[in-house]
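Asker: Predicted model and sequence below, questions to follow.
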Amino acid sequence: MFKAFLIKYAEIGIKGKNRYLFEDALIRQIQHALKDVDGKFQVTKEQGRVYVEPEGEFDYEDTVDALKRVFGIAEICPVMICQDNGFEALAEDLLRYVDHVYPQKNRTFKMHVRRARKSYPGTSMSLNADLGERILKAYPEMKVDVHHPEILLVVEIRERIYIYSETIPGPGGMPVGTNGKAMLLLSGGIDSPVAGYMIAKRGVQIDAVYFHAPPYTSERAKQKVVDLARLVARYSGPINLHVVNFTDIQLYIYDQCPHDELTIIMRRYMMRIAEEIGKANKCLALITGESIGQVASQTVQSLAATNEVCTMPVFRPVIGFDKQEIIDIAYKINTYETSIEPYEDCCTIFVAKHPVTKPNVQVIRRSEEKLQEKIDDMVKTAVETAEVIRIH
Ligand code: ATP
Ligand code: MG
């Protein structure tokens, strides 16, 4: 019955002259998302509308699932497309539609005809009345309610005729690829995958960097991050995950610096390295899962000390969220179960019992001077030896 989907988009509809760029990006992302779905699909645009039309057999559930992950889609409307064979044929198609979608007939409805093709006989008003009457005659249990109908039956008359009434919410946001690229610092935790999702939702393409410290962190911990990147990639599209070996740097900091400053200094080197890899990969910003006050390294003073070493903007989309609010999104995007797997990440091994919570930037800088001899070479090596894993 449903031969197609009408895709409604919200924000990208208001981009003025650049609108076609957004529409084209949306079409590309839809095509990409449908690659793994059984069936062949035509994705087309027509007068501010995007249509997804399967060619032949397709998996309805999988198609809807895939579309629900394409940023830029506000609503997905399963639509019945009919050729224009005159009013009688249209009325019959409409009755078939209603019968199929609403086997329980005791519902209220309202007709909403849009005559986009102005040469079609009649007016929208007369067509509303005539089609409504046919429904009432065929299905006497149905009632008209023009104020609060349970069903809004839309009939759009264009070259072809589109009948729909159901809308499935899309994820909103903007199509990935319309807003540059950023580097996500992705750990195995709950917060950073959510942060990556939120920035990708605004149309930003994502690369990721993960710092591991073998043998202090296991292969399994790394696999967990790969798994998380894959879950984020279901929304963001392909991600290049840069895996940086951070062991030598961490041990060196551990040897040279006061232990209560370890976390801050480590985090400053993570940011520096992420920025360097980011620059080499055309990223314009960094993304972290930091949230004010969540841990010692995320007090405002700590954030300021970490931020100081960055020249790129750092996006922290969950900065004002409580943990539970972050967890709610993690559930929604299906990363939570993976995030809570118990494999340690590198930060938990080298943490001091009593880390500074109000680091003084001058003091931190002075401590970092103790690393002068070797740190530049170590950073260079870490950047050069990073393993790149392409996540689809
Ligand atoms: P998350 O749940 O994202 O791990 P967290 O609450 O554990 O966050 P921290 O460990 O302080 O917080 O990390 C803060 C942010 O720093 C993370 O959200 C992530 O962006 C980045 N980060 C931390 N550890 C790593 C790592 N090993 N590799 C890459 N990024 C990291
Ligand atoms: Mg963490």
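Answerer: That came through, no problem. Ligands and ions are numbered 1, 2, ... in the order given.

Asker: State the helix or strand in which the closest residue to Val37 other than its chain neighbours lies.
Answerer: Nearest residue to Val37, sequence neighbours excluded (C-beta to C-beta, 6 or more residues apart in numbering): Asp62, at 4.6 Å. C-beta coordinates here come from the backbone N, C-alpha and C atoms, glycine included. In this assignment (DSSP states H and E), Asp62 forms part of helix 60-67.

Asker: Close to ligand 2: what parts of the stretch 101-250 of the chain are there?
Answerer: With C-beta under 5 Å from the ion as the criterion, the stretch 101-250 of the chain meets ligand 2 at residues Ser187, Gly189.

Asker: Going along the chain, name the strands of the stretch 101-250 of the chain.
Answerer: 108-115, 143-144, 151-157, 161-164, 168-169, 181-185, 205-212, 239-245 (DSSP state E, counting those that start in this stretch).

Asker: Now render these as TSV, adding distance to ligand 1, mean neighbour count and mean pLDDT.
Answerer: Converted to TSV, the strands of the stretch 101-250 of the chain look like this (distance: least, C-beta to the nearest ligand atom, whole Å; neighbours: other C-beta atoms under 10 Å; pLDDT from 0 to 100):
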stretch	distance to ligand 1	mean neighbour count	mean pLDDT
strand 108-115	46	18	97
strand 143-144	52	14	97
strand 151-157	42	19	97
strand 161-164	40	21	96
strand 168-169	27	12	96
strand 181-185	3	25	98
strand 205-212	4	26	97
strand 239-245	8	21	98
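
Asker: Among those strands, which comes closest to Glu92?
Answerer: Nearest to Glu92, of all these, is strand 161-164, at 11.4 Å by C-beta to C-beta.

Asker: Contacts for the helix holding Asp62 next, please.
Answerer: 2, 5, 7, 30, 33-34, 36-39, 41, 52, 54, 73, 76, 78, 168, 170 (C-beta atoms under 8 Å, 6 or more residues apart in numbering).

Asker: Please identify the buried residues of that helix?
Answerer: Thr63, Ala66, Leu67 (16 or more other C-beta atoms under 10 Å).

Asker: Let me know the pLDDT of the last one.
Answerer: Model confidence at Leu67, given as pLDDT, is 97.

Asker: Same question for the first one.
Answerer: At Thr63 the predicted local distance difference test score is 96.

Asker: if I look at it, how far off is Phe41?
Answerer: For Thr63, the distance to Phe41 equals 8 Å [C-beta to C-beta, to the nearest Å].

Asker: Equivalent analysis for Leu34, please.
Answerer: The spacing between Leu34 and Phe41, counted by C-beta to C-beta, is 5 Å.

Asker: if we can go back for a sec, can I get the buried residues of helix 60-67 in TSV with distance to ligand 1?
Answerer: Formatted as TSV, the buried residues of helix 60-67 follow (distance: C-beta to the nearest ligand atom, whole Å):
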residue	distance to ligand 1
Thr63	32
Ala66	27
Leu67	28
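
Asker: which SS class is Gln42?
Answerer: strand (DSSP: H, G, I helix; E, B strand; the rest coil).

Asker: returning to that earlier point: tell me how far the residue nearest to Val37 lies from ligand 1.
Answerer: 30 Å (C-beta to the nearest ligand atom, to the nearest Å).

Asker: What of Val309?
Answerer: Taken as C-beta to the nearest ligand atom, the span from Val309 to ligand 1 is 13 Å.

Asker: tell me the contacts of that residue?
Answerer: By C-beta under 8 Å, 6+ apart, Val309 lies in contact with Arg268, Met271, Arg272, Glu275.

Asker: Let's see that with 7 Å instead.
Answerer: Arg268, Met271, Arg272 (C-beta atoms under 7 Å, 6 or more residues apart in numbering).

Asker: Would you mind listing which of the residues you listed are buried?
Answerer: Arg268, Met271, Arg272.

Asker: got the residues of the chain near ligand 1?
Answerer: Residues of the chain lying close to ligand 1 by C-beta under 6 Å from any ligand atom are 185-187, 189-192, 209-211, 270, 288-290, 294-295, 297-298, 345-347.

Asker: returning to what we had before: filter the contacts of helix 60-67 down to just the ones in helices.
Answerer: Of the positions in the contacts of helix 60-67, Ile30, Ala33, Leu34 sit in helices, assigned by DSSP state H.

Asker: Can you lay out these as TSV showing neighbour count and pLDDT?
Answerer: Listed next are the ones in helices among the contacts of helix 60-67 as TSV, based on neighbours: other C-beta atoms under 10 Å; pLDDT from 0 to 100:
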residue	neighbour count	pLDDT
Ile30	21	96
Ala33	24	94
Leu34	21	95
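
Asker: Pick the one among those residues closest to ligand 2.
Answerer: Ala33 (29.1 Å; C-beta to the ion).

Asker: can the buried ones among the contacts of Val309 go into a markdown table with extra columns for distance to Tyr331, secondary structure and pLDDT?
Answerer: Shown next, in a markdown table, are the buried ones among the contacts of Val309 (distance: C-beta to C-beta, whole Å; DSSP: H, G, I helix; E, B strand; the rest coil; pLDDT from 0 to 100):
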| residue | distance to Tyr331 | secondary structure | pLDDT |
| --- | --- | --- | --- |
| Arg268 | 32 | helix | 97 |
| Met271 | 29 | helix | 98 |
| Arg272 | 33 | helix | 98 |
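
Asker: And the residues you listed, which is closest to Ile326?
Answerer: Met271 (20.6 Å).

Asker: correct me, but the closest one touches Thr311?
Answerer: No. Using C-beta atoms under 7 Å, Met271 makes no contact with Thr311, being 10.0 Å away.
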